[in-house]
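J.: Predicted model and sequence below, questions to follow.
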Amino acid sequence: MTKKKRVLVADDDQGILDALTMMLEDAGYDVSTTPSGETLQTMKDNFPDLILLDIWMSGMDGRDVCKFLKAQEKTKNIPIIMVSANRDTEKIAKEAGANDFISKPFDMDDLLTKIHQYIP
Amino acid sequence: MAKMQKPLESSQSLSSNNQTDTNDISLLHQIADAIPGMVVVYNIQTGEYIFVNKAVKKLLGYEPQDFIKKGLPFVASLVHPQDIEPLMKKNNRALEKANKQLPKKPDTDPIVNFEFRMRHKDGTWRWLHTDASVFKRDTKKKVEYVLNVSLDITERKEAEYELEKKNKEITATNERLKIAEKNLKKAGRELERKIVERTKELSLSEERYRLALHAGKIGVWDWDIRKNHITWSDRIYEFHGLNPGEFNGKVEDFIKLIHPDDNPIVSESIRLAIDEHTSFQIEFRTILPSGKTRWLATNGQVLFDEKKKPYRMLGATIDMTERKRLERQKDEFLGIASHELKTPVTSLKAYTQVMQAKFLKMGNEEEAKHLARMDGQLNKLTNLISDLLDVTKIEAGKLLFNESQFSIDLLIEEIVYTMQLTTSKHHIYIKGKARKKVYGDRERIGQVLTNLISNAIKYSPKSKDIDINVNCEDGNVIIGIRDFGIGITKENQDRLFERFYRASGEKANTFPGLGLGLYISHEIIKRQNGRMWVKSMKGKGSEFIFSLPVSKNRTQQTHVFAEKSN
């Protein structure tokens, strides 16, 4: 049995975290969540296979977190999909160096398709 | 010289009972000829002239012989037609009187005088003063011979006439002067009354105007363009944080008070108002001496002279700092609110979709359908929230575009495909192809197409067809979304693209929506350097048309005003 791919969801809204956890676990992923961007910056090991990163998070801007992770040798190859309620998510994601983006609210199928592109 | 034998004899017998010497007669001839006046003696009963002195030549241009030969009828014919009748009347009266009454003493018959005109041989009229007296009576004591002594008074008469004319003129002038003086006095009184009245009205209107300006916190300014001097009311000094008199009135110094970012807006608005002879409205920031900024709004108008040159500009200004702050607060609130609304919607959507998947897996298709409908409603909610967010971005000038070159034909096909899925009643036809790529934000232009097609579906509940007319002309792609629905009245067409505008009318409330879609679409197209307009007829349907430039170097529409940044 192959090891489940692990998706880390960073969002400051517990409702989103719960819903995405349920959805992603249903789709067969191992899901961990964090409501704070700081957790991502202090990761030492046990890196996830993909990060779903909210742009607006209390305490920290998702853009800065993305830039930080992409600048670190250990984390730079982790695919990051930026998630936001902002219509300009695409632009923001590009600027921050994220691999992809999806606008809230999204269709489950669209999100899963995007995740599949990076972790089949 | 006329011979006067017979009359002279008679004269002798008349004038004196003594014998008169022929020398004396000759002397009398000489005396008569020496007199400057015309001396004639004629028989009033026969009309025959018996003596005419030489002066007749000088006075009337005739020889004495002419009178003697032709007699009284000829002489009478020389009298002026206007004078003949009065002359004859007076003459007849005098004759009648002389015939009735003999003088108490001999040779004391009264002398009667006449003034009348006679025609000179050269055709001119001469005024004569004639003294007529009885020269000799016949045996019955009736007047037989009359002696006339006439003097030329033409000069005197002309002088008199001129004098009379002048007098008449003076009298007339005096009359006119009197009338003019009277009128002047009347006009003066009227003017005085009007001035009092107007002054009263003016002071009332001035007071009203002053109170209104004060109550409305409105400042007024007046720019004399020729002298380059701007006059401010005290309120404007207050707006700029200056004390009255601290501004020198020069336009270049006024420009220095404006926030550098707003300078182009102010200059451009003034230029446009002058070029296009329109009034202008500008919102701009002024920098106060303290360094703080204040938002001002001014409405102005340019005045032009007869050569169409601007010479004066004036207007009113209000402080809108507080309004701007509230607007910004409102926009921020709407922005945050719509963003915050999306978060629970995202969770709801996620749960709905997970549950839907689970029900399907369990074979509960009916429940899965309910959840699919719920998901559809969540999509509608998402669109409404997105519209609100877009509006706040437009208002804040923060609507961003990810521009690229893309095939508009492909985009139309995609959108039509998606929209066709939302309606079973309508059929959407694509008519024509652009065969060109346009430069712009694909997603935003797709949003415009979606909005226009969904409107076409919404507002044509009783018709089937919707046409998407596509063509390319003059470097622009032109896309028209045509429906055959309820249409829009002319008055409503003018306001269609306003924010929150919804068509009024009996059926207005039966169509859902916030009234933001067209405003957003119009703003998107405008900011993509395109143009949007509508052709519509009430009851016949509408066509919403927009054009987009093909080339990247777009010149179709240039924005005069830069977007304001907060």
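T.: Ah, there it is.
J.: Quick check: B:Lys182 vs chain A, distance?
T.: B:Lys182 sits at a distance of 85 Å from chain A (criterion: C-beta to the nearest C-beta, to the nearest Å). Glycine gets a C-beta too; all of them are placed from N, C-alpha and C.
J.: quick one: B:Asp409 from B:Ile430, how far?
T.: Going from B:Asp409 to B:Ile430 by C-beta to C-beta, to the nearest Å gives 8 Å.
J.: For the chain, give me the ranges with low pLDDT.
T.: Defaulting to chain A. A:1, A:58-59, A:87 (pLDDT under 70).
J.: oops, chain B please
T.: If you take pLDDT under 70 as the line, chain B has these spans: B:1-22, B:24-25, B:106-107, B:502-514, B:552-566.
J.: surely B:Phe135 meets B:Leu147?
T.: Yes: using C-beta atoms under 8 Å, B:Phe135 is in contact with B:Leu147, at 4.0 Å.
J.: Pull up the overlap in contacts between the two.
T.: B:Val41 (C-beta atoms under 8 Å, 6 or more residues apart in numbering or on different chains).
J.: Looking at these two, which is more packed in?
T.: Taking other C-beta atoms under 10 Å in any protein chain shown, B:Phe135 and B:Leu147 do not tie; B:Phe135 has more neighbours (24 against 18).
J.: Is stretch B:369-378 in proximity to chain A?
T.: Yes: taking C-beta under 8 Å from any C-beta of the partner chain as the criterion, stretch B:369-378 and chain A are in contact, through B:Leu378.
J.: hmm, who's touching that stretch?
T.: In contact with stretch B:369-378 (C-beta under 8 Å, 6+ apart) are residues A:Pro105, B:Val345, B:Leu348, B:Lys349, B:Thr352, B:Gln353, B:Met355, B:Gln356, B:Phe359.
J.: hmm, who's touching stretch B:149-156?
T.: B:35-40, B:58-59, B:115, B:125-131.
J.: Grab the nearest non-local neighbour of B:Met537.
T.: Using C-beta to C-beta, 6 or more residues apart in numbering or on different chains and skipping the chain neighbours, the partner closest in space to B:Met537 is B:Gly487 (5.1 Å).
J.: Can you give me the neighbour number for the one you found?
T.: 19.
J.: Which secondary structure state does it sit in?
T.: With DSSP: H, G, I helix; E, B strand; the rest coil as the basis, B:Gly487 sits in coil.
J.: List the contacts of B:Asn471.
T.: B:Asn471 touches B:Gly432, B:Ala434, B:Val477, B:Ile478, counting by C-beta under 8 Å, 6+ apart.
J.: tell me which parts of chain B are close to chain A?
T.: Residues of chain B lying near chain A (C-beta under 8 Å from any C-beta): B:338-339, B:342-351, B:353-354, B:357-358, B:378, B:382, B:386, B:389-390, B:393, B:400, B:402, B:443.
J.: Buried only: go through those residues for me.
T.: B:338-339, B:342-343, B:345-351, B:353-354, B:357, B:378, B:382, B:386, B:389-390, B:393 (16 or more other C-beta atoms under 10 Å in any protein chain shown).
J.: Among these, which are located in helices?
T.: B:338-339, B:342-343, B:345-351, B:353-354, B:357, B:378, B:382, B:386, B:389-390, B:393 (DSSP state H).
J.: can I assume B:Leu400 sits in a strand?
T.: No: counting by three-state DSSP, B:Leu400 falls outside a strand, being coil.
J.: quick one: it from B:Leu388, how far?
T.: Distance from B:Leu400 to B:Leu388, by C-beta to C-beta: 17 Å.
J.: Where does B:Arg126 fall, secondary structure wise?
T.: strand B:125-137 (DSSP states H and E).
J.: Now the helix or strand following that strand: buried residues?
T.: Following strand B:125-137 in sequence order, the next helix or strand is strand B:143-152 (DSSP H and E). Neighbour-count burial for strand B:143-152, counted by 16+ other C-beta under 10 Å, picks out B:Val143, B:Glu144, B:Tyr145, B:Val146, B:Leu147, B:Asn148, B:Val149, B:Ser150, B:Leu151, B:Asp152.
J.: Which two among those residues are spaced furthest apart?
T.: The distance between the two most remote of the buried residues of strand B:143-152 (C-beta to C-beta) is 27.7 Å, for B:Glu144 and B:Asp152.
J.: near chain B, which residues of chain A show up?
T.: So chain A meets chain B at A:13, A:15-16, A:18-20, A:22-23, A:26, A:56, A:85-88, A:90-91, A:104-109 (C-beta under 8 Å from any C-beta).
J.: what secondary structure does the residue most central in space within chain B sit in?
T.: In chain B, the centroid-proximal residue (C-alpha atoms, centre = their mean) is B:Glu306; its distance is 11.0 Å. Here B:Glu306 is coil, with the state taken from three-state DSSP.
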